[in-house]
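S.K.: Task: produce atomic coordinates for the following.
(chains A and B)
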Amino acid sequence: MEPKISEKAWNPELEKEILKQWEEGKIYDFTPQEDNYTIDTPPPYPSGRPWHIGAAAHYSQIDMIARTARMAGKNVYFPIGIDRNGLPVELYTEKKHKIRMRETERGEFLSLCREALDDLEAEMIFIMKSLGISGDFANYYRTDSEEYRTLTQSTFIDLWKKGQVYLANRPNNYDWVSGTTIADAEIVYEDLSTKLVYMKFKIKDTDKEIVIASTRPELLCACRTIIVNPEDERYTQYIGKKIIVPITSAEVELRTHHSAQQEFGSGAVMVCSYGDQNDVALFRELELEEIVAIGLDGRMTEVAGEYSGLKPKQARTKIIEDLETKGFLEKTEDIVHRTPVSERSKAPIEIIPMEEYYLKQKEAVPKIKSLGQEITFYPAMHKQILMNWLESINIDWPISRRRYYGTEIPIWYCKKCSEPHVPEPGKYYRPWSEKCPISNCTKCDSTEFVGEERTFDTWMDSSVSPLFISKFNRDDEFFKKVYPVSIRPQAKDIVRTWLYYTLLRCEQLTGKKPWSEAWIMGYGLDENGMKMSKSKGNAIDPLPVIEKVGADTFRFWSASEINHGQDFRCNEQKIESTKKFLSKLWNVSRFLSSFPVIESGKLAASDEWILSELDNLVKECKRGYNEYNFFIPAIAIREFTWNVFAAHYIEMVKARAYGIDFSDEERDGAIFTLHKTLSTILKLLAPITPFITEHLWKILYSNDSIHKEKQVTPENLEDQSYMTKEISEFNSKVWNEKKSQNLSLKDSIKLEIPESLEAFKKDLKSMHNLLD
RNA sequence: GGGCUCAUGGUCCAGGUCGGUUAUGACGUCGCCCUUACACGGCGAAAAUCCGGGGUUCAAAUCCCCGUGGGCCCA
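M.R.: Next up is the predicted model:
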């Protein structure tokens, strides 16, 4: 009989046609019902080419979650979004057009950003679709859309009215050459030569002094404490003593802190607001009160006394002279210092406290902890990342950013009395370009306002994704049915940000947890085990790989190589060789396609054995799918299909299936079992490799999509796995024997069949051409 | 500096909770083989003192302690 499948190998080109059928058939459409399974899909950020191969693997696996849920009979809502707010696109745009954000008209700059995002986004969506992601692309959302930003602003207004937002000083990186704050991502480090100044500090009420080395003597006026390493015996006797700061004569305490390095300078460090990031951390940790020594004009403030008005560098020169004259200087040393400088102006950055908006979070920590306990993490161990983070929260969340491409903070200030005014929620506001919607100041009745220019931290937007997809504030009926959503899949490195902020915000706004399950994936490492990132330049572009080997091969690689929750190495050669398994599956199907599909038959011992092993496979896959760990089914299916079903069972029943020397009844038992096994394998594999399974399913078993099938459930057959080893050992023995006798595999041979395999005798005899 | 996590043939990975066969499988390598699904295949072979050191035990890849190295997050 001619096989229905004639091609000798799976052709990935077929994926395009299948994709079209899915789209036209709208087989993944969603209408809300009472019970829904909603995925809080991470909206990827299109910050530049290429998209990581690790991200492609990540989204493939999220799609496996969706497909698993569909086959479990759930009504799946799988939204697709694109995250478009934030710094990376600003940097990308500046580079692409060779412009500077702050020297470009804001509206113009924003539209350049938007264009860049559109291009990058189109490619990203193309990749996602090519991967077979079964999400709702027709209604994909953008976090910079009017609708989304309205939600971000409305939720802010709500929290503002509840008194959850306040202003406070926060150290910012400040580039006084370009006159702006800059983000951490815009800082580079350069080795600059500078003077290390050794100063003598008197210990109060004694005639002793200690020597402290610093590269920033001009910050003496902002010194709040002196630290030494707790193990540094030179200073043990002075711990807790008051130290008198030279020039200013202020008194500060000597404390211990592990960050002080004994080898550097004299081992004692002065902590000032703010010489560097370490100072910032120490001020926060030790709860010191900051002194603003450098102003926004880049000059020393009045607290610097006689040095006020000078630039830090000038003040440094002068203060060194004064230290010397007044006898506080021990020596100076020329050193090369790793100095943080602005990426663009190359000016050393200053850390200057500026007023920023904060969202309260400290008091919410216990509540978030208990919410976290209610959420099931896959894998369970990654809950620890959240819990550790909650333990370490010691400041509220600074939510304002001095950037352009983000959701605007909806506040107008009275021009006369500076009173802040927040508009009514439900609309998207751009205070930097729009007139204040409030006519009179509520405090002084003035009619003139100034719009806030800052934007939100992008996590303010992304942290309400569960609310956005469930149409919070836009469609109450939809919201009621969909929220809380079911699962948050995401990468492990943003548990402390995205996952945590979502819990915080959704709890603050709805009083409920946003989802009941969190699925945490590791990240893609390059061949050397380093995290892939665009900035390191070690990211592999997934598109050429997918185009070469097809989405299913890529997806099967991602499932079979990545144990859930662990980081994974990406190796293109490895991905390519995965397609061998798809070839195997294809050829098994090709063989079976020459036999009719029949409903039943008289089962022989071999048939019962393989069906029992198949049932074990179903159980194993179920275990894996239940915990969304696709590694488990992928490995189990490959092992069973290749090394049990194809290698032994098919060989054993080949003659019987052809009906050579067997009755029709016996033949039908084999054909029935072959098809039952293959159709089960296809269904088990469908969430992982949706294309090839769909193609084979339609040729062999149905006109309808495999993705509308329910997943197979175990029949709890009697376990016969002990037979598998015996069978494969016997087969190996025959193969080896023929080989050692230089016989062809089809030649006959005389060999005793062990008693334990008596029931399989007829099949084994025909398989090996055994003589009696 | 703090936290989390990982370490098994040339490469990737299983086993580890609950200690006990010959340490799983794949990729790669090598040899033989066209056998009416498949040479994108079949059969077979070589290849691991399970990161190091100590401990518990009759018995440790597995449990405990101390290191070393990688990765990430935070500072």
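S.K.: For A:Trp160, give me the pLDDT.
M.R.: pLDDT recorded at A:Trp160 is 96.
S.K.: residues contacting it?
M.R.: Counting by C-beta atoms under 8 Å, 6 or more residues apart in numbering, A:Trp160 makes contact with A:Val422. Quick note: C-beta positions are derived from backbone N, CA and C, even for glycine.
S.K.: Following element in sequence after whichever strand or helix holds A:Ala116, please.
M.R.: Using DSSP states H and E, A:Ala116 maps to helix A:106-130. Following helix A:106-130 in sequence order, the next helix or strand is strand A:136-142 (DSSP H and E).
S.K.: so how many other residues sit close to A:Glu24?
M.R.: Using other C-beta atoms under 10 Å, A:Glu24 has 8 neighbouring residues.
S.K.: what does the stretch 601-750 of chain A have sitting close to RNA strand B?
M.R.: Taking C-beta under 7 Å from any atom of the strand as the measure of proximity, the stretch 601-750 of chain A contacts RNA strand B at A:631, A:635, A:638-639, A:642-643, A:646-647, A:650-651, A:654-655, A:658, A:660, A:732, A:735-736, A:739, A:744-746.
S.K.: so of the residues you listed, which ones are in helices?
M.R.: Residues from these lying in helices, with DSSP state H as the criterion: A:631, A:635, A:638, A:651, A:654-655, A:658, A:732, A:735-736, A:739.
S.K.: Now do the contacts for the spatially most central residue of chain A.
M.R.: Residue closest to the mean C-alpha point of chain A, counted by C-alpha atoms, centre = their mean, is A:Ala491 at 2.6 Å. A:Ala491 is in contact with A:42, A:58, A:520-523, counting by C-beta under 8 Å, 6+ apart.
S.K.: How far off centre is the lowest-mean-pLDDT helix or strand in chain A?
M.R.: The weakest-scoring helix or strand in chain A, judged by mean pLDDT, DSSP states H and E, is strand A:180-181 (a mean of 76). Mean-position distance between strand A:180-181 and its chain equals 29 Å (C-alpha atoms, centre = their mean, to the nearest Å).
S.K.: repeat for stretch A:552-566
M.R.: 16 Å.
S.K.: Does it reach RNA strand B?
M.R.: Yes: shown here: stretch A:552-566 in contact with RNA strand B (C-beta under 7 Å from any atom of the strand) through A:561, A:563, A:566.
S.K.: Please name the strands paired to the longest strand along chain A in the sheet, noting orientation.
M.R.: Longest strand of chain A, by residue count under DSSP state E: strand A:187-203. Strands adjacent to strand A:187-203 in the sheet, as given by DSSP bridges, are strand A:209-214 (antiparallel), strand A:242-244 (antiparallel), strand A:329-342 (antiparallel).
S.K.: among these, which is nearest A:Phe283?
M.R.: strand A:209-214 (15.9 Å; C-beta to C-beta).
S.K.: Residues in contact with that closest one: which ones?
M.R.: For strand A:209-214, the external contacting residues (C-beta under 8 Å, 6+ apart) are A:196-203, A:226, A:235, A:238, A:243, A:254, A:264-266, A:268-270, A:275, A:330, A:333.
S.K.: Out of the contacts of A:Ala491, which sit inside strands?
M.R.: Using DSSP E, the contacts of A:Ala491 in strands are A:520-521.
S.K.: Go back to the contacts of A:Ala491 and keep what's next to RNA strand B.
M.R.: Counting by C-beta under 7 Å from any atom of the strand, A:Tyr523 from the contacts of A:Ala491 sit close to RNA strand B.
S.K.: Just send the contacts of A:Ala491 back as a markdown table, with pLDDT and neighbour count too.
M.R.: Shown next, in a markdown table, are these (pLDDT from 0 to 100; neighbours: other C-beta atoms under 10 Å):
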| residue | pLDDT | neighbour count |
| --- | --- | --- |
| A:Pro42 | 94 | 21 |
| A:His58 | 91 | 22 |
| A:Ile520 | 90 | 24 |
| A:Met521 | 88 | 27 |
| A:Gly522 | 84 | 21 |
| A:Tyr523 | 79 | 19 |
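S.K.: Sort out which one of the contacts of A:Ala491 lies nearest RNA strand B for me.
M.R.: A:Tyr523 (6.8 Å; C-beta to the nearest atom of the strand).
S.K.: Quick one: end-to-end length of stretch A:174-184, please.
M.R.: Its first and final residues considered, stretch A:174-184 spans 10 Å by C-alpha to C-alpha, to the nearest Å.
S.K.: Any residue of that stretch touching RNA strand B?
M.R.: No: judged by C-beta under 7 Å from any atom of the strand, stretch A:174-184 stays clear of RNA strand B, getting no closer than 8.6 Å.
S.K.: how does chain A divide up, domain by domain?
M.R.: Annotated domains of chain A cover A:31-158+A:460-561, A:180-352, A:578-727 [automatic domain parsing].
S.K.: Considering the ones you listed, which stretch scores lowest in mean pLDDT?
M.R.: Among the domains of chain A, domain A:180-352 carries the lowest mean pLDDT (a mean of 86).
S.K.: end-to-end on that domain?
M.R.: Distance between the two ends of domain A:180-352: 11 Å, counting by C-alpha to C-alpha.
S.K.: Equivalent analysis for stretch A:338-352, please.
M.R.: 19 Å.
S.K.: what about that stretch, distance to the chain center?
M.R.: Relative to its parent chain, stretch A:338-352 has a centroid offset of 30 Å by C-alpha atoms, centre = their mean.
S.K.: Equivalent analysis for stretch A:581-591, please.
M.R.: 35 Å.
S.K.: and it with RNA strand B, contact?
M.R.: Yes: on the criterion C-beta under 7 Å from any atom of the strand, stretch A:581-591 is in touch with RNA strand B at A:583-584, A:587-588, A:590-591.
S.K.: Neighbour count and secondary structure added to those residues, as a markdown table?
M.R.: Shown next, in a markdown table, are the residues of stretch A:581-591 next to RNA strand B (neighbours: other C-beta atoms under 10 Å; DSSP: H, G, I helix; E, B strand; the rest coil):
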| residue | neighbour count | secondary structure |
| --- | --- | --- |
| A:Ser583 | 14 | helix |
| A:Lys584 | 17 | helix |
| A:Asn587 | 15 | helix |
| A:Val588 | 20 | helix |
| A:Arg590 | 19 | helix |
| A:Phe591 | 17 | helix |
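S.K.: Which residue would be the closest one in the stretch 1-150 of chain A to RNA strand B?
M.R.: Counting by C-beta to the nearest atom of the strand, the stretch 1-150 of chain A gets nearest to RNA strand B through A:Ala9 (3.5 Å).
S.K.: Just the element for that residue, please.
M.R.: Per DSSP H and E, there is no helix or strand for A:Ala9.
S.K.: count of residues packed around it?
M.R.: 11.
S.K.: Which pLDDT value goes with it?
M.R.: Looking at A:Ala9, its pLDDT is 89.
S.K.: Check the contact between it and A:Trp586; I expect there is one.
M.R.: Yes: in this structure A:Ala9 lies within contact range of A:Trp586 using C-beta atoms under 8 Å: 6.0 Å.
S.K.: out of the contacts of A:Ala491, who's nearest A:Thr248?
M.R.: Among the contacts of A:Ala491, A:Tyr523 lies closest to A:Thr248 (C-beta to C-beta), at 48.7 Å.
S.K.: So the closest one sits against A:Gln566, correct?
M.R.: No: with contact defined as C-beta under 8 Å, A:Tyr523 does not reach A:Gln566; the gap is 9.7 Å.
S.K.: And the least confident helix or strand of chain A, what does it pack against?
M.R.: Strand A:180-181 sits against strand A:165-175, with contacts defined as 3 or more C-beta pairs under 8 Å, 6 or more residues apart in numbering; DSSP states H and E.
S.K.: Backbone dihedrals for the residue of the stretch 1-150 of chain A closest to RNA strand B, please?
M.R.: phi -150, psi 160 (degrees, to the nearest 10).
S.K.: mind listing what A:Ser345 touches?
M.R.: A:Ser345 touches A:175, A:177-178, counting by C-beta under 8 Å, 6+ apart.
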